[in-house]
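Q: starting from these lines, generate the structure:
(2 chains)
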Amino acid sequence: AQTVTQSQPEMSVQEAETVTLSCTYDTSESDYYLFWYKQPPSRQMILVIRQEAYKQQNATENRFSVNFQKAAKSFSLKISDSQLGDAAMYFCAYRRSGNQFYFGTGTSLTVIP
Amino acid sequence: EPEVTQTPSHQVTQMGQEVILRCVPISNHLYFYWYRQILGQKVEFLVSFYNNEISEKSEIFDDQFSVERPDGSNFTLKIRSTKLEDSAMYFCASSFQGRGEQFFGPGTRLTVL
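A: Residues are numbered from 1 along each chain as shown, chains lettered A, B, ... in the order given. Model prediction:
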């Protein structure tokens, strides 16, 4: 069974600082995709960043980057220069060859001004 | 920017009643999904739908659940006889490609009394 674990229910970061959100997953597949979604309060989930498992290079999107460790089945999200608008629930998700996503329980990020 | 929309935002129903949750996916998307999130738990996949039929479903999606695309714009989830444990946030999502990014709606909070 595919499982996604986010061990940090809550995190906080000072504005302009860097924070790393952890995610581990369990799979026997070799071809899969990993995602980080952001859900601001009372808003829908939006994609932050995605990583294809066959790519060794870590994905980056502006201030967001991942540390993908395939052997360790780890997929952490680093947010640099944190902004107030980054405050949200962050979900790590896994998808293999089919369509369904497997989500973690989420990490609630607070950005302190 | 096109968005997935869902109605209603909150639905309250009595146990045993039928409910229909409505979603309007992004107009040129071909794949449609339902997920649910019980309070405090992870987001769980329910079903995916493509070409007017179910392409994948989870063990949660039993005979009490059904999906339909009644016209060219709506995608509905019906729960025939609601149970207390059906209380959750239900998210609709759509994607253009089967392996593409899924765009999520804001969710419908279902409360079963």
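Q: ok, now how distant is the residue lying closest to A:A87 once chain neighbours are set aside from B:T111?
A: Excluding the flanking residues, the one nearest A:A87 by CB to CB, 6 or more residues apart in numbering or on different chains is A:V111, at 4.6 Å. (Glycine included, C-beta is placed from N, CA and C.) According to CB to CB, to the nearest Å, A:V111 stands 31 Å off from B:T111.
Q: the two - which one has more neighbours?
A: Neighbour count, other CB atoms under 10 Å in any protein chain shown: between A:V111 and B:T111, A:V111 has more, with 20 against 13.
Q: work out for me the element that one sits within.
A: strand A:107-112 (DSSP states H and E).
Q: contacting residues for A:T18?
A: A:K78, A:I79, A:S80, A:D81, A:S82 (CB atoms under 8 Å, 6 or more residues apart in numbering or on different chains).
Q: model confidence for it, exactly?
A: In this model, A:T18 is scored at 98, pLDDT.
Q: ok, A:Q14 next?
A: What the model reports as pLDDT for A:Q14 is 98.
Q: same question for A:D86.
A: pLDDT, read off for A:D86, is 96.
Q: swap in A:A1?
A: 55.
Q: please apply the same query to the one 4 residues further on.
A: With respect to pLDDT, A:T5 has a value of 94.
Q: list the helices and strands the lowest-mean-pLDDT helix or strand in chain A packs on?
A: The helix or strand of chain A with the poorest confidence is strand A:101-103; it has a mean of 89 (mean pLDDT, DSSP states H and E). If contacts are counted by 3 or more CB pairs under 8 Å, 6 or more residues apart in numbering or on different chains; DSSP states H and E, strand A:101-103 sits against strand A:3-5, strand A:88-95, strand B:43-50.
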